[in-house]
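Q: Provide a 3D model corresponding to the input given below.
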Amino acid sequence: GVNEIITRGAPVKPKCCDAAANDKDMSGVVVDFSSPNIAKEMHVGHLRSTIIGEAVCRILEYSGKNVERVNHVGDWGTQFGMLIQYLKEEYPHFHEDIPNITDLTAFYKNAKSRFDESAEFKKISQLNVVKLQAGDEECRKIWQVLCDVSRMEFEKVYARLDISVKECGESFYNDKIAPVIDEFDSRGMISVEEGGAKCVFVPNFKIPLMLQKSDGGYGYDSTDMAAIKYRLNELKARQIVYITDFTQGDHFQMVFAAAKKIGWVDDDSHRLDHIGFGTVQGEDGKRFKTRSGDTVRLVDLLDEAVSRMEASLRERNSGSESKGGNVSEDEIHKTACAMGYGAVKYFDLRRNPTSNYIFSYDRMLDTKGNTAIYLLYAHARLESIVSKGKADFGVDVDALISDGKSKIALSHKSERNLGLHLEFFADTIEETLNDLYPYHICDFVYALSIAASEFVTQCKVLGSPEMESRLLLCRATAITMRQCFDLLGIRHVMRI
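A: Predicted coordinates for the structure are as follows:
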């Protein structure tokens, strides 16, 4: 019950979490998320995979799973021929110092326009692709520089959003593709199509997976089949979760079907999931872009959320009703980061991932309604009541908990309602583990904060005969809210 939250300092987990933690054979999970392209900026399209992926990893880890977080970056392909050539021409001294390419989009666009305009540049670029794939030393060096520069840009986003993910890009699987094709071939599952392309047909799909193109090259199908085999056999994954936009749904169902067909996957002991998400739209209902029609850089979008939150906190601090505000000038930036990034994340996570949504700073930074800002204020209010209990009435909740003498008693109907909501936490986690949609946790914590608001409005906490019990109930609710924030990847703040 609610008293257990106080004694444990954490909400009670569902029983399925203990089972997952104890069964080490079944606990390996690979989550494939984020996956930006080398030499391209992370844009708003990468926002959803990154945010949803981080939350899914945290939820699975919380349930006792051993999670391998994989960033399947696009670090291979024909576009590298032109990028290598452009870097050679623009940064001839790349050997001595890493080029300062902070604007990857401009770099990519300039290389592409050279490729389109100059026949000579195009010819050399195409030769570079062959050289890179054959392991040419200079081409590999330049390719590595492009990867390093891109990684530094990706890290700016990951650091802001507290994302932890291990890079294992497409290039890693290059030498693993041919053996996969041979394995399908030896089992009589390869169908050679017009032009010599090697394909695998799977049930319920008219179009096959193409494991090798007619020119001998490899594409997404080849890489993804090599990747799923590696994850099942080498990483010993019992569950693999792919988080990409919904248009790739059929592709992954075909990959899963092919893995079953050849016997890598057993329905009883493996689980394969694809979480397909919808589009982030602008107010016009089309893909979210800047006024000039460019895709929005993720770093700029996140910085704008923080900048608006800083302005809001400063305005609140200067307002007469706040008596100077709870957040000192030194803390404003840190608090604005927690709230701004949290707002962007929650605005995405609180809905079913398959749905599209319209991106709106005003709505996500609203202090009312189902937003991270409202929830963070609700949490800070509970902790503020606990602090006042100690400062004004000498009731130290931490001391009450360590003594273990005081207990929460739920007598008023709003106390009972809040206690009941706290009991739903374990069920919520169980429900989330079924479909891996974090919005269940958002629904729970929003309903919990409304119940908490009703409780502190209807029940006098400070100076009441029930003060000790009610302060403990405030703390139990705050503990549970913090656990939810942590699962969603949102930093909590104790004072606002």
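
Q: Got the phi and psi for residue 210?
A: When read as degrees, to the nearest 10, the backbone of residue 210 gives phi -100, psi 100.

Q: got it, and residue 63?
A: When quoted as degrees, to the nearest 10, the phi and psi of residue 63 stand at phi -80, psi 0.

Q: residues in contact with the closest residue to it other than its chain neighbours?
A: With Cβ to Cβ, 6 or more residues apart in numbering as the measure, residue 17 is the residue that lies nearest to residue 63, at 4.6 Å, once sequence neighbours are left out. Heads up, the C-betas are built off the backbone N, CA and C, glycines and all. With contacts taken as Cβ atoms under 8 Å, 6 or more residues apart in numbering, residue 17 has the following neighbours: 62-64, 429.

Q: Now do stretch 120-131, average pLDDT.
A: When pLDDT is averaged over stretch 120-131, the result is 91.

Q: residues making contact with that stretch?
A: By Cβ under 8 Å, 6+ apart, the list of residues contacting stretch 120-131 from outside reads 78, 80-82, 84-85, 114-116, 138-139.

Q: from memory residue 278 sits against residue 358, does it?
A: No - counting by Cβ atoms under 8 Å, residue 278 stays clear of residue 358, with 11.0 Å between them.

Q: Check which residues of the host helix or strand of residue 120 are buried.
A: Per DSSP states H and E: residue 120 is located in helix 119-133. When neighbours are counted by 16 or more other Cβ atoms under 10 Å, the buried residues of helix 119-133 are found to be 121-122, 124-125, 128-129, 131-133.

Q: between those residues, which is closest to residue 270?
A: Proximity of the buried residues of helix 119-133 to residue 270 was ranked by Cβ to Cβ; the top entry is residue 133 with 32.4 Å.

Q: Look up how far residue 186 lies from the closest residue to that closest one other than its chain neighbours.
A: On the basis of Cβ to Cβ, 6+ apart, the spatially nearest residue to residue 133 that is not a chain neighbour turns out to be residue 174, at 7.9 Å. Using Cβ to Cβ, to the nearest Å, one obtains 21 Å as the distance from residue 174 to residue 186.

Q: Tell me which stretches of the chain form strands.
A: For the chain, the strands defined by DSSP state E occupy 28-32, 66-71, 166-167, 191-192, 198-200, 209-212, 239-245, 271-277, 280-281, 357-358.

Q: Give the other helices and strands that the fourth one contacts.
A: Helices and strands touching strand 191-192, by 3 or more Cβ pairs under 8 Å, 6 or more residues apart in numbering; DSSP states H and E, are strand 198-200.

Q: Does residue 306 touch residue 344 like I think?
A: No - with contacts counted by Cβ under 8 Å, residue 306 stays clear of residue 344, the gap being 9.3 Å.

Q: Neighbour count for those two, which is higher?
A: When neighbours are counted by other Cβ atoms under 10 Å, residue 306 and residue 344 differ, and residue 344 comes out ahead with 26 against 20.

Q: contacting residues around the nearest residue to the more buried one once chain neighbours are set aside?
A: Nearest non-adjacent residue to residue 344, counting by Cβ to Cβ, 6+ apart: residue 305, 5.2 Å away. Residue 305 makes contact with 340-341, 343-344, 361, 364-365, according to Cβ under 8 Å, 6+ apart.

Q: change it to 7 Å
A: Residues in contact with residue 305 (Cβ atoms under 7 Å, 6 or more residues apart in numbering) are 340-341, 343-344, 361.

Q: Low-confidence stretches in the stretch 201-350 of the chain?
A: Judged by pLDDT under 70, the stretch 201-350 of the chain has its weakly predicted residues at 319-325.

Q: hmm, try it at 90
A: Segments of the stretch 201-350 of the chain classed as low confidence (criterion: pLDDT under 90) are 213-219, 267, 282-298, 300, 315-330.

Q: coming back round to it: distance between the helix holding residue 120 and the chain's centre?
A: 36 Å (Cα atoms, centre = their mean, to the nearest Å).

Q: Please export the C-alpha coordinates of it as PDB.
A: Taking C-alpha atoms only, helix 119-133 is exported to PDB below (Å, rounded to 0.1, in the frame of the first residue of the first chain):
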ATOM      1  CA  ALA A 119      30.200  15.400 -64.500                       C
ATOM      2  CA  GLU A 120      33.800  15.200 -63.500                       C
ATOM      3  CA  PHE A 121      33.000  15.400 -59.800                       C
ATOM      4  CA  LYS A 122      30.200  12.900 -60.200                       C
ATOM      5  CA  LYS A 123      32.600  10.400 -61.900                       C
ATOM      6  CA  ILE A 124      35.300  10.700 -59.200                       C
ATOM      7  CA  SER A 125      32.500  10.400 -56.500                       C
ATOM      8  CA  GLN A 126      31.300   7.100 -58.000                       C
ATOM      9  CA  LEU A 127      34.900   5.800 -58.100                       C
ATOM     10  CA  ASN A 128      35.200   6.800 -54.400                       C
ATOM     11  CA  VAL A 129      32.300   4.500 -53.500                       C
ATOM     12  CA  VAL A 130      34.100   1.500 -55.000                       C
ATOM     13  CA  LYS A 131      37.400   2.500 -53.300                       C
ATOM     14  CA  LEU A 132      35.700   3.000 -50.000                       C
ATOM     15  CA  GLN A 133      34.000  -0.400 -50.200                       C
END
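
Q: Adjust the sequence numbering to begin at 12 for everything that follows.
A: Will do, 12 is the new start, and the previous item becomes helix 130-144.

Q: and the closest residue to residue 490 other than its chain neighbours, what is it in contact with?
A: Closest residue in space to residue 490, ignoring its immediate chain neighbours: residue 16 at 5.7 Å, by Cβ to Cβ, 6+ apart. Contacts for residue 16 were tallied using Cβ under 7 Å, 6+ apart; they are 22, 433, 487, 490-491.
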